[in-house]
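>>> Quick check, what structure comes out for this input:
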Amino acid sequence: MLLAFLLRMLLPLSSFAASRLFRTRSPAWGQGAARLLATRAGATDVGSPVASVRHFLQEQDLDAFVVPTDDPHLSEYPPRCFARRQFISGFTGSAGTALLTKENALLWTDGRYHQQAETELDGSWSLMKQGLRDVPKMSDWLVNTLGSDAPIRVGIDPFVHSASFAQALAKDLAARDHELVPLFGMENPVDMAWEGSALPRPGQPLAPIRLHPMEVAGKTTSDKVAEMREAMQDKGADALVVAMLDDVAWLYNIRGSDVEFNPVALSYAIVTMDTAILFMSEAKIPDDVRAELAAHKVEIRPYQNFIPYLQSLSQVGHKVWIDEERTNYAAAMAVDEENRVRGMNPVTLAKAIKNEAELNGMRAAHERDAAALIRFMSWMERTISDEGRTVTEVEVDEMLTGKFRKELDGFIEPSFPTIAGAGPNGAIIHYRADGPDCGIVGPGTILLLDSGGQYRDGTTDCTRTMVFGRDAEDLVPLEVRQTFTRVLQGNIRLDRSVFPEGTPGAVLDILAREELWRAGQDYAHGTGHGVGAALNVHEGPQSISPRFVNKQALLPGMILSNEPGFYAPSMFGIRTENLLVVEQAEGLESKATGKKFLRFRKLTQVPICKALIVKEMLSPTEVEWLNTYHAQIFQRVSPLLDRTDREWLRVACEAL
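Numbers count the residues shown, from 1 in each chain. Model (predicted):
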């Protein structure tokens, strides 16, 4: 049966920075255009963007140049004008670092993107699959391969690397007599290649920002700034640098649209004991926002004045708090070593701990978003089972995002690119359907759907693996349903966990993987990421993953995803994801340690596909969890649906 199932899965597949002047370019640079340009001429072709960078290396006596994903604010999704790594390599994933030498072009990326990168990189690039046993870190490759015979000089743009990364790389290189060369005062060579290319570089975004209303912010800007000043006083700092875009947006209760999928705007902030400054292009600030900021004593200064202002603080001996993990190297170097105060930005942790108004907004957004997903699932069942037609992966996104979510009150945009993977495409962890050759969903097709929305009151992120068609469970091999059930068990065990305060997320990661491990299965990504409230869908410092280097304890008010999965290359993918809020476990306190205990509460209100569950594998407790969850979903979401969709939900939520 598995062979027949795999054949059904395959058949549906029809065949510039702060202190630099930014040169404005045409905004006509769409999705995939950079990939087309970068791969049209191979990395070894004369006149290609890579050849242009290699010419720069020759001129500057450099042996290598590092091109990260990051922009000057270390954003996961940079504005298109800063998408240098995508332009030079053609790789469109949200995580990865390119390295160009005089003879090599290499790209490092993690397990979420291994299959995608193999597809998108042309033959002149070498893919370095992070996480695999024999794949060296970039610094090790530089030292042991490129620099094995003679000292080397490695160039970086200091505006697009964190200070911590640059310092660690400099230390690794210096240990073997190599040199890191920050290109202060020089144009990024990728920008020069871009300017000489056939496709113009997009201009810097200038869309106006908006206020984030008090009813969902929960705290005024004045209150937040006062909290930061208390933290500064405790730390012995005269000034605090805020460089990440979502941190600035949270601090000043503003939102923007400069970065796809993230409601943020290009900006920096500096708080001193008597001033609060927003560094942003004046053209982006409407009168109502300007007036609100002025009411909270926030000064507005030009974006490009950020570095000079930092330098002026250092010159008069002010102690400047710089989070070197979350601030670019150029900003750190603007402050003399003896004047730097190090440590995690207090805004980052304050933002991660949601207040009650933020949580209420997130709950409301999740219930509306669930209604959109349920309407979509109901439509899919009618289309496939009743009408007898198939649905393309592109149509999945068009209906879910372009119709059902778009009709919702407060919807702004998706919170990330929708992942709709049919059959074998579901095994590509961050797959994105594109064009006429995308996959097709029909009876018995496994569909992995990972999607979310940005709303004025909240941010959502939900993954469901589903199958449609009459007697759908009979169309799916037992082996696949067993794997789906193991993934569900991992989700349930993490969801039900109770843990003492002070516990970092890494300690809980095994709960989501244990049943998979017993079957010799695993997944190459973390189990949970932090989520912002009407902000970025990925935020720190909280996470749940095997990375024990993240010691951040989970705290009440934090929101994380719970998303175990399994991916069989060229066959199928499974992932089940809910968003969870950390809260106190009432009445639990250890007499031995005096510690209180914490637990999770679900935000996501979307049913799990029962046709893929092998009930006999579930314990009575797990069956009860599922039935209770489905009853809760029906109670909360059914009032938002019409009769047809409510009936679909009733059946979907019937007790197992």
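>>> Lowest average confidence across helices and strands of this structure, where is it?
The least trusted helix or strand in the chain, going by mean pLDDT, DSSP states H and E, turns out to be helix 33-40, with a mean of 40.
>>> Go through the helix or strand where residue 398 lies and flag the buried ones.
Secondary structure assigned from DSSP states H and E places residue 398 in helix 393-399. Neighbour-count burial for helix 393-399, counted by 16 or more other Cβ atoms under 10 Å, picks out 393-397, 399. (C-beta placed from N, C-alpha, C; glycine too.)
>>> closest to residue 608 among those residues?
Checking the buried residues of helix 393-399 against residue 608 by Cβ to Cβ gives residue 396 as the nearest, at 18.2 Å.
>>> Apart from its neighbours in sequence, what residue is nearest that closest one?
Excluding its sequence neighbours, the residue lying closest to residue 396 (Cβ to Cβ, 6 or more residues apart in numbering) is residue 420, at 4.1 Å.
>>> what secondary structure does that neighbour sit in?
Judged by DSSP: H, G, I helix; E, B strand; the rest coil, the three-state class of residue 420 is strand.
>>> Please name the bridge partners of it.
Note on residue 420: beta-bridge partners residue 449, judged by DSSP bridges.
>>> what's the neighbour count on it?
The local packing count at residue 420 equals 28, with neighbours defined by other Cβ atoms under 10 Å.
>>> OK, contacts around it?
393-394, 396-397, 400, 431, 433, 447-449, 451 (Cβ atoms under 8 Å, 6 or more residues apart in numbering).
>>> Try it again at 7 Å.
393, 396-397, 433, 447, 449 (Cβ atoms under 7 Å, 6 or more residues apart in numbering).
>>> With residue 357 instead?
With contact set as Cβ under 7 Å, 6+ apart, residue 357 has these partners: 215-218.
>>> what are the ranges of the strands in the stretch 251-400 of the chain?
Counting by DSSP state E, counting those that start in this stretch, the stretch 251-400 of the chain forms strands over residues 254-255, 268-272, 276-279, 298-301, 320-322, 340-342, 391-392, given from the N-terminal end onward.
>>> how near is the residue nearest to residue 396 to residue 392?
Taking Cβ to Cβ, to the nearest Å as the measure, residue 420 and residue 392 are separated by 9 Å.
>>> Equivalent analysis for residue 620, please.
When distances are taken as Cβ to Cβ, residue 620 and residue 392 turn out to be 41 Å apart.
>>> what's around residue 277, how many residues?
Other residues close to residue 277 by other Cβ under 10 Å number 19.
>>> I'd assumed residue 301 was in contact with it.
Yes: under the criterion of Cβ atoms under 7 Å, residue 277 makes contact with residue 301 at 5.6 Å.
>>> contacts for stretch 179-198?
Under the contact criterion Cβ under 7 Å, 6+ apart, stretch 179-198 has outside partners 16, 37, 49, 52-53, 56, 62, 65, 67, 84, 87-88, 153-158, 166, 169-170, 173, 201, 329.
>>> ranges for the helices of the stretch 551-656 of the chain?
Under the criterion DSSP state H, counting those that start in this stretch, the stretch 551-656 of the chain carries helices at the ranges 620-637, 643-652.
>>> on that earlier part again, same list (the strands of the stretch 251-400 of the chain) but as JSON lines, adding distance to residue 412 and mean pLDDT.
Putting the strands of the stretch 251-400 of the chain into JSON lines (distance: least, Cβ to Cβ, whole Å; pLDDT from 0 to 100) gives the following:
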{"stretch": "strand 254-255", "distance to residue 412": "9", "mean pLDDT": "98"}
{"stretch": "strand 268-272", "distance to residue 412": "23", "mean pLDDT": "98"}
{"stretch": "strand 276-279", "distance to residue 412": "22", "mean pLDDT": "98"}
{"stretch": "strand 298-301", "distance to residue 412": "24", "mean pLDDT": "98"}
{"stretch": "strand 320-322", "distance to residue 412": "32", "mean pLDDT": "97"}
{"stretch": "strand 340-342", "distance to residue 412": "36", "mean pLDDT": "96"}
{"stretch": "strand 391-392", "distance to residue 412": "25", "mean pLDDT": "96"}
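>>> Any chance of these in a markdown table with distance to residue 547 as columns?
Below are the strands of the stretch 251-400 of the chain laid out as a markdown table (distance: least, Cβ to Cβ, whole Å):
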| stretch | distance to residue 547 |
| --- | --- |
| strand 254-255 | 30 |
| strand 268-272 | 28 |
| strand 276-279 | 32 |
| strand 298-301 | 36 |
| strand 320-322 | 23 |
| strand 340-342 | 21 |
| strand 391-392 | 37 |
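>>> of all those, which lies closest to residue 92?
Using Cβ to Cβ as the criterion, the shortest distance between residue 92 and the strands of the stretch 251-400 of the chain is 19.9 Å, found for strand 391-392.
>>> and the closest one, which strands flank it?
Looking at strand 391-392 with DSSP bridges, its partner strands are strand 440-441 (antiparallel).
>>> Give the rounded mean pLDDT of the strand it pairs with.
Per-residue pLDDT values over strand 440-441 give a mean of 95.
>>> Sticking with the closest residue to residue 325 other than its chain neighbours, tell me its helix or strand.
Closest residue in space to residue 325, ignoring its immediate chain neighbours: residue 164 at 4.9 Å, by Cβ to Cβ, 6+ apart. Assigned by DSSP H and E, residue 164 falls within helix 163-174.
>>> The helix or strand following that helix: partners in the sheet, and parallel or antiparallel?
Proceeding C-terminally, helix 163-174 gives way to strand 179-182 as the next helix or strand, assigned by DSSP H and E. With DSSP bridges as the criterion, the sheet partners recorded for strand 179-182 are strand 153-156 (parallel).
>>> mean confidence score for the strand it pairs with?
Along strand 153-156, the predicted local confidence has a mean pLDDT of 95.
>>> circling back to that earlier point, with distance to residue 224 and pLDDT as extra columns, can I get the contacts of residue 420 in a markdown table?
Formatted as a markdown table, the entries for these read as follows, by distance: Cβ to Cβ, whole Å; pLDDT from 0 to 100:
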| residue | distance to residue 224 | pLDDT |
| --- | --- | --- |
| 393 | 42 | 96 |
| 396 | 40 | 96 |
| 397 | 36 | 96 |
| 433 | 40 | 87 |
| 447 | 42 | 97 |
| 449 | 36 | 98 |
